[in-house]
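1. fold the following.
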Amino acid sequence: MKALSFVSGPAAGPIDPGYDYTTFPEVVRSAEDAYQQAGITDPRAQLAMAEVHDCFTPTELVLMEDMGFATRGTAWKEVLAGTFDRDGELPVNPDGGLKSFGHPIGASGLRMLFECWLQLRGEAPPERQIATVSQGRTLGLTHNLGGAPGECVSFVGIVGSELGD
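-> Residues are numbered from 1 along each chain as shown. Predicted structure coming up:
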């Protein structure tokens, strides 16, 4: 594992009528910390893939923006453009994510790490193998979160080979 970040947020969220449901500050902070540890300055260009906690469809869009894969308010456009497809610029959840596998508490993160391992080694099933690995990218991101908006815990891990010079 290259870098880890584990951040929890202050209690707020649903009890705060002004809470902004278009971002998870805990995710932003944990991603920034993991990127700093791994030397990542442009996650969209440097990561080969990402496995994100897509517990709900809108959450996946928010997470992709919070982790810097798309500018705020544009993730839906990037999805429609194919940016996050298996053959796109930054594949996100190439295995189908939680929507495909379900969400066994405690095991979801392990499944995400296993998917990164398969993909980065070029050993994913051919119909699921991402294109960015053959382009020389060697890092994957895993993300999990738990709790309620404004009071959640966020984990971001960067796995794979060392960054080049």
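2. every contact and neighbour count from this point should use C-alpha atoms.
-> Fine.
3. look up phi and psi at the residue sitting nearest the centre point of the chain.
-> The centre of the chain sits closest to Val52, judged by CA atoms, centre = their mean, with a distance of 3.6 Å. Val52 adopts backbone torsions of phi -110, psi 160, taken as degrees, to the nearest 10.
4. OK, contacts around it?
-> Shown in contact with Val52 (CA atoms under 8 Å, 6 or more residues apart in numbering): Glu60, Leu63, Val92, Asn93, Gly97, Leu141, Thr142, His143, Asn144.
5. where do the strands sit along this structure?
-> Using DSSP state E, the strands of the chain run over 3-8, 49-51, 139-148, 151-160.
6. and those, which one's lowest on average pLDDT?
-> Mean pLDDT is lowest for strand 3-8 out of the strands of the chain, coming in at a mean of 61.
7. you'd agree Pro25 is up against Gly150?
-> Yes. The pair Pro25 / Gly150 is scored as a contact, 7.5 Å apart, by CA atoms under 8 Å.
8. just to revisit the earlier point, mind checking which of the contacts of Val52 are buried?
-> With neighbours counted using 16 or more other CA atoms under 10 Å, the contacts of Val52 contain these buried positions: Glu60, Leu63, Val92, Asn93, Gly97, Leu141, Thr142, His143, Asn144.
9. can I get those in TSV with distance to Asp42?
-> Listed next are the buried ones among the contacts of Val52 as TSV, based on distance: CA to CA, whole Å:
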residue	distance to Asp42
Glu60	19
Leu63	16
Val92	15
Asn93	19
Gly97	23
Leu141	13
Thr142	16
His143	17
Asn144	20
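10. and which of these is nearest to Gly18?
-> Among the buried ones among the contacts of Val52, Leu63 lies closest to Gly18 (CA to CA), at 19.7 Å.
11. which ones are touching the closest one?
-> Contacts of Leu63 (CA under 8 Å, 6+ apart): Thr23, Phe24, Val27, Val52, His53.
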